[in-house]
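J.: next comes the sequence, and after it the predicted model I'd like to discuss.
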Amino acid sequence: MCKKLLNQFMMSTATISLLIPLSLQANEADNNNAGVTMLEEITVTARKKEEGLQNAPISITAFTGRGLDYRGITNISSMADFTPNLTFQNNPGDGGSSASAAIYIRGVGQNDFVPTVEPGVGLYVDGVYIARSIGAILDIVDVERIEVLRGPQGTLFGRNTIGGAISIITKKPNDELGGRFEATTGSANRIDIRANVNIPLSETFFMKVSGATFNRDGYVTRPFDNKDLGNDNTLTGRVAFTWLPTENLSINLSIDGTRDRENGSPMVTTALIPTDSPAYLNTFMALNNILALGDPFSCFSPANLNNPQCYNTSVIQGDQNINGGTAEHFSDLNLWGTSLEIKLDLDNISFKSVTAYRNLDSQFARDIDESAIQIGHVWDDLQQDQFTQEFQINGTSLSDKMDWLFGLYYFKENSTNLNILSFLPATFQSGGHVESKSWAIFGQSTYSVTDELQLTLGLRYTEDDKSFLPDQFISAVHVPAFIFPFPVGTALLPNEEAINKIGAWTPMANLSYQWNEDFMTYASYSEGFKSGGYTQRIFPPETTIPQFAPEFVKVYEIGFKFSGLDNRLRINGAAFHTDYDDLQVLITNQSQIGPFTSNAGKATIKGAELEVSAIPAEGWFFEAGLGYLDPEYTALDAGVSEITLDSKFSRISEWTLSAALSKEIMLGNAGTIRPRLDWSFRSGFYNDVSNSEEIYQQGYHLLNANVTWLSSDEKYEAVFGVTNLTDERYLETGYIQPNFGNFESLFARERQWYLTVRYNF
């Protein structure tokens, strides 16, 4: 572990630990007389058992449903502003889906949506794994809490959680009749409706119905058809049942669905690579600039600056809210799933079964040149379904000195992705059918060596089979044969199934010490892996199917958790060192028709997190978070020429900071009001592995503010808020099309206001 990193981490921890208690002690006498409210106790299930947040010796950020309301979070991507070392981007990339997520924790993740590639951060809803990044930008509807687990979760959660995991736990039906209705209006004709009702059908059988619709105009306009890109048009719902046939048996069944009908990603062209036509006439590209009048050899010459046949700087709109495209541009999504949880509690043993099925149907398209010239257009159809089954048995032994858990896991996924890439010389069909099967056996046990010292050991074995049957060929040719010498029907990959198999052990060890009831330290070691895959965007034709290997991480971590001053102060911190082998990176260059994933080599990532929550005086609440990352390539594979040992990781900020301050003001019978101010900072980051300056985002600050009024009987509530208070313009993500040299940028929304009213019954 880097000595300098540890010193910096411990110094900052010590400083905050000293300063906050001093500020609290100044008010301690008055606060004791006034009866100060303590910090909320949060129960988490990150280790597949219920325990307090401060008792779990891992790095975790947890949001309660009420906490999400206070922060104005309506979908999970917004959590990145409040969570150290979390990156969560809307990532349309090469396809154009407005529901595609790129999630990174501690510098580890993935930013391609195709089913031949796996995510690096696991997303779970009520214990059910969400395999695809399409549809992963989930809206918050009737959520009990969200847990963000940092570091590999290879033992309890398994494959594809090498960066960490995000676990969403929904509210279950109960025996009380009640519900909530919520309506929101705001900028860009925003109209959101969320509602739920809980109905006890009998003394042992309960039902809950939840639904929401989210509607808002887009913020990027296409003059060609007046489409507003980046709009929201989502309908989502959930029906859940709980049955308690006996005192120790519970059965939970849920069915959920989501429907998106949106105009597509709000990307705009912000830069071009000046070049002459020979650079465009690479292996498969022959663009319209060869038809330029006057000087066919340079569309960037002054004579051709305004030539409508030229793709040059004239296509840059100069306005971050204008997209000049003319081809089809949309994003549709249909998503549904069902899960069944059965739990049986006996004397010292508990049995749990989680069975789930999910189905995804998505189509999306976009004009990737974003101009009136028909250069490039992509269209995708992604069909996916998955089945998962997990069995868990846990209990206690040795006079309750040991608690243990064993489990079995099975996963099967079928995906078909047809990707039509239409360029000037030809139209290509990419994609094919992907089938994944995985099974695992795992166990974890915690032994109390003494009342203060606990040792946790865990181990998982996973077998992962992934096959790919390509369906890739040239479907049309639009230029003469001397320009593009490949006939219609030419296969881009052999029509044969490729199979990738791996068996992997992922152990963990954790040693924690409870110094007193307020302070705990821990040290841990954990491993994880992400499955390998295949390259599906291919041209020129290949005689074999390109594959990339799994990637692996080993993480060494130390941390602490402190709660003090009658639970009015909470400080949690961790420092870690990651050894990263065979890391997978998404590469864009002129050698291929589209981006492709390749193993880059080896790297290390050093980093730290610090989180503080405090009640410094009666009615006041303060929280802050700090994340630090120092990723570094240490060895590179020979075939990855786009990266050097000095390259920066894509989409990763060195620093992520946040702070919030709120005050609860009592109004007697008129209720309470709570003003809140949120600040966050993210240091600069590149959006591609080549570190293109054109899509580099400088560090930026964000301010959000809201005021909440709550009636004295807590039935009525109103919130007025403003997001991006200072109207900061910043990139959410960026993308390069190297074959014709345009850089695309997806900017975040400008300053927005909203007004929400709630009725609880």
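T.: Nice, I can see it. Residues are numbered from 1 along each chain as shown.

J.: and Gly65, what are its phi and psi?
T.: Main-chain torsions, Gly65, degrees, to the nearest 10: phi -60, psi -40.

J.: over to the one 3 residues further on?
T.: Reported as degrees, to the nearest 10, the phi and psi values for Leu68 are phi -60, psi -40.

J.: who's in contact with it?
T.: Contact analysis of Leu68 by C-beta atoms under 8 Å, 6 or more residues apart in numbering lists Ile140, Val143, Ile146. (Each C-beta comes from the backbone N, C-alpha and C, glycine too.)

J.: kindly report the same for Gln153.
T.: Gly122, Thr161, Gly164, Ala165, Ser526, Gly528.

J.: quick one: secondary structure of it?
T.: Using DSSP: H, G, I helix; E, B strand; the rest coil, the secondary structure recorded for Gln153 is coil.

J.: with the one 4 residues further on instead?
T.: Phe157 falls in the coil class when you classify it by three-state DSSP.

J.: distance of it from Glu542?
T.: 35 Å (C-beta to C-beta, to the nearest Å).

J.: ok, these two, which is more surrounded?
T.: More crowded of Phe157 and Glu542, by other C-beta atoms under 10 Å: Phe157, with 25 against 16.

J.: surely Asp260 touches Asp361?
T.: No - between Asp260 and Asp361 there is no contact, the gap being 10.8 Å when judged by C-beta atoms under 8 Å.

J.: shared neighbours, the two?
T.: Residues touching both Asp260 and Asp361 by C-beta under 8 Å, 6+ apart: Leu333, Asn334.

J.: neighbour count winner among the two?
T.: Remark: of Asp260 and Asp361, Asp260 carries more neighbours, 23 against 16, as counted by other C-beta under 10 Å.

J.: the more buried one belongs to a strand?
T.: Yes - counting by three-state DSSP, Asp260 is found in a strand.

J.: spit out the contact partners of it.
T.: Ser98, Ala99, Asn233, Thr234, Ser331, Asp332, Leu333, Asn334.

J.: try Leu408
T.: Counting by C-beta under 8 Å, 6+ apart, Leu408 touches Glu390, Phe391, Trp439, Ala440, Ile441.

J.: how about the one helix or strand it maps to: buried residues?
T.: Under the criterion of DSSP states H and E, Leu408 resides in strand 402-423. Residues of strand 402-423 classed as buried: 403-405, 407, 409, 411-413, 415-423 (neighbour count, 16 or more other C-beta atoms under 10 Å).

J.: pLDDT weak spots in the stretch 51-200 of the chain?
T.: Scanning the stretch 51-200 of the chain for pLDDT under 70 picks out the ranges 92-95.

J.: and the chain, by the same measure?
T.: For the chain (pLDDT under 70), the answer is 1-36, 92-95, 274-305, 308-309, 590-591, 739-740.

J.: give the bridge partners for the residue nearest to the spatial centre of it, please.
T.: Centroid-nearest residue in the chain, with C-alpha atoms, centre = their mean: Ile103, separated by 3.2 Å. On the basis of DSSP bridges, Ile103 is bridged to Phe88, Gln110.

J.: my read is that it contacts Asn90, right?
T.: No - using C-beta under 8 Å, Ile103 is not in contact with Asn90, being 10.9 Å away.
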